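Trainee: What shape does this take:
(chains A, B, C and D)
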There are 2 protein chains.
Amino acid sequence: MAGEPMDEYEYIADCQTRLGLDVLSGTWTGVVLWSLQHGPLRPGELRERIGGISHKVLTETLRRLERDGLVVRRRYAEAPPRVEYELTPPGRGMLEPLAALGRWTERYADEVLDTRDRAPGER
Amino acid sequence: MAGEPMDEYEYIADCQTRLGLDVLSGTWTGVVLWSLQHGPLRPGELRERIGGISHKVLTETLRRLERDGLVVRRRYAEAPPRVEYELTPPGRGMLEPLAALGRWTERYADEVLDTRDRAPGER
DNA sequence: CAGTATCCTCCGAGATACTG
DNA sequence: CAGTATCTCGGAGGATACTG
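Mentor: The predicted structure is shown next:
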């Protein structure tokens, strides 16, 4: 873990990282996974917790995650019918990379935002 | 560290993850950072190692990374002039999340690709 | 070789309205 | 409430040609 961190990264081929990045692509994908970490949620609940995501985009994001097998859709034949989304093992496995991203942000957010604001032309 | 992984994630606010995802956004951003892990490279070398990235997009990606302070541009007044890009501390800090993503892929790639291929409508 | 400037295409994301 | 169908818009990414 400590010592020579660089060596630890070495064995991972470039293409290995790419699939992960690809699966995470999309503005809301990571946030949706993150929001599901504590258990299944209904789409409405997801929208509340996330905030700012449109109905359509949430559906699209969930479809992609479902297609890639990171999430399962559960439909309960009640009255009224209920729908829930839940993380699969691959989906739960993505929580660690996301947590690493969170730790990175916690540590460097100020610095990054500062650098970004000073950038010529702004954003 | 072990035991209750879920609790470990808990303290990270949603917005914390988002900046990291935002910085990593862009098809090639992660790959570029990853390619710089062993030291500074010239743009030409970067293109060789990465493969498939266009001249323009590489430049744009590097500009964004520079703006966010993950990379520095070094220009050497030689003849002919030489340019190199190098990771900054925040940039090097991003290697761990990327490595986590690589480990995820190593573990779940087959499963994901399989699920994806079986998906109706393909992609 | 590094960088910029156009031009073009395509997809992601938002808004809105409609169907089960 | 969940999901789909349109429409629009902007930005990302590719190709190409031109400038230091």
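Trainee: The most centrally placed residue in chain A - nearest residue in space that isn't next to it in sequence?
Mentor: Against the mean C-alpha coordinate of chain A, by CA atoms, centre = their mean, the closest residue is residue A:30 at 1.4 Å. Nearest non-adjacent residue to residue A:30, counting by CB to CB, 6 or more residues apart in numbering or on different chains: residue B:21, 4.6 Å away. To be clear about C-beta, it is placed using only N, CA and C from the backbone, and glycine gets the same treatment.
Trainee: Ok, residue A:87 next?
Mentor: Nearest residue to residue A:87 in three dimensions, chain neighbours excluded: residue A:36, at 5.1 Å (CB to CB, 6+ apart).
Trainee: Name the residue of chain A that lies nearest to DNA strand D.
Mentor: Nearest residue of chain A to DNA strand D (CB to the nearest atom of the strand) works out as residue A:44 at 3.1 Å.
Trainee: Just to be sure, that residue is in a strand?
Mentor: No - Residue A:44 is assigned helix when assessed by DSSP: H, G, I helix; E, B strand; the rest coil, not a strand.
Trainee: buried ones in the helix or strand that contains residue A:19?
Mentor: Using DSSP states H and E, residue A:19 maps to helix A:14-24. If you call a residue buried by 16 or more other CB atoms under 10 Å in any protein chain shown, then helix A:14-24 has these buried ones: A:16, A:17, A:18, A:19, A:20, A:21, A:23, A:24.
Trainee: Looking at these, which gets the smallest pLDDT?
Mentor: Lowest-confidence member of these: residue A:16, scoring 73 (pLDDT).
Trainee: How about the contacts made by it?
Mentor: Contacts for residue A:16 (CB atoms under 8 Å, 6 or more residues apart in numbering or on different chains) come out as B:102, B:105, B:106, B:109.
Trainee: State the helix or strand in which the first one lies.
Mentor: Using DSSP H and E, residue B:102 sits within helix B:95-118.
Trainee: need the residues of chain A near DNA strand D, please.
Mentor: Within chain A, the positions adjacent to DNA strand D are A:42-45, A:47, A:55-56, A:59, A:62-63, A:73, A:80, A:83 by CB under 7 Å from any atom of the strand.
Trainee: Now, of those, which are buried?
Mentor: If you count burial by 16+ other CB under 10 Å, the buried members of those come out as A:47, A:62.
Trainee: so which of the residues of chain A next to DNA strand D comes closest to residue B:67?
Mentor: The closest of those to residue B:67 turns out to be residue A:56 (CB to CB; 30.7 Å).
Trainee: State whether the closest one is indeed within a helix.
Mentor: Yes - counting by three-state DSSP, residue A:56 is located in a helix.
Trainee: okay, it: pLDDT?
Mentor: pLDDT recorded at residue A:56 is 96.
Trainee: so how far is residue A:63 from it?
Mentor: Counting by CB to CB, to the nearest Å, the gap from residue A:56 to residue A:63 is 11 Å.
Trainee: Please apply the same query to residue A:84.
Mentor: Separation of residue A:84 from residue A:63 (CB to CB) stands at 15 Å.
Trainee: pLDDT below threshold where in chain A?
Mentor: A:1-15, A:121-123 (pLDDT under 70).
Trainee: rerun at 50
Mentor: Residues of chain A meeting the criterion pLDDT under 50: A:1-8, A:10-13, A:122-123.
Trainee: Three-state assignment for the residue in it that DNA strand C sits nearest to, please.
Mentor: Ranked by CB to the nearest atom of the strand, the top residue of chain A for proximity to DNA strand C is residue A:27, at 3.0 Å. Here residue A:27 is recorded as coil under three-state DSSP.
Trainee: In contact with it, which residues?
Mentor: Counting by CB under 8 Å, 6+ apart, residue A:27 makes contact with A:57, B:21, B:25.
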